[in-house]
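Novice: Give me a model of this one.
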Amino acid sequence: MVTGNAGAPGRQAVDGIRVVVGLQLHLGHHGRSRSTIYPAGVSADRERSTESGIPLKPVYRAQDAPPERPAPGTFPYTRGVRPDGYRERPWTMRQYAGFSSAEETNSRFRLLLDRGQTGLSVAFDLPTQLGLDSDHPLARGEVGRTGVAIDSIADMR
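Specialist: Below is the predicted model:
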């Protein structure tokens, strides 16, 4: 129950609790709140688009889908990149690793492969991710801390 002004413009007290007036929280599926709060008077169904300018509908239904969907494993890969899904080839379990130097990482990867690992992903240190060489002043103190430092193609060999 609204009991009156709570002292600030645009606010009212509801059963002794101050609330902002003029905002509507729209509820989504099963009454769970969506992360967006719309100003009063703005509909959740307003026209929207992607950052690329592609218009978006508020709700997509079966009749919005193309009449004939492409087969799995064919462009545009909306049904997966493999024709048989993962029935013939299971998901790859990958080891994500990287150590201070390229030599140490190479040694670790060889050990993992010898023990049956089938997929490897390299963890690069922060300077490498930022495109900095290990001797750059901004890389000081960060080289090799969170992964492997790669400065040239020779480090990858």
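
Novice: what's the burial count for the nearest residue to Arg89 once chain neighbours are set aside?
Specialist: In space, and not counting its chain neighbours, Arg89 is closest to Arg82: 7.2 Å by CB to CB, 6 or more residues apart in numbering. (C-beta placed from N, C-alpha, C; glycine too.) When neighbours are counted by other CB atoms under 10 Å, Arg82 registers 13.

Novice: now swap in Leu132 and tell me
Specialist: 18.

Novice: which ones are touching the closest residue to it other than its chain neighbours?
Specialist: The shortest distance from Leu132 to any non-neighbouring residue, by CB to CB, 6+ apart, is to Ala139 (4.7 Å). For Ala139, the contact set (CB atoms under 8 Å, 6 or more residues apart in numbering) comprises Leu126, Pro127, Leu132, Asp133.

Novice: One more pass at 7 Å, please.
Specialist: Pro127, Leu132, Asp133 (CB atoms under 7 Å, 6 or more residues apart in numbering).

Novice: and if you look at Thr105?
Specialist: Neighbour list for Thr105: Ala97, Gly98, Phe99, Val122, Val148 [criterion: CB under 7 Å, 6+ apart].

Novice: how about 6 Å then?
Specialist: By CB atoms under 6 Å, 6 or more residues apart in numbering, the contact list for Thr105 reads Gly98, Phe99, Val148.

Novice: By neighbours, which of those residues wins?
Specialist: Top of these by neighbour number is Val148, holding 25 neighbours under the definition other CB under 10 Å.
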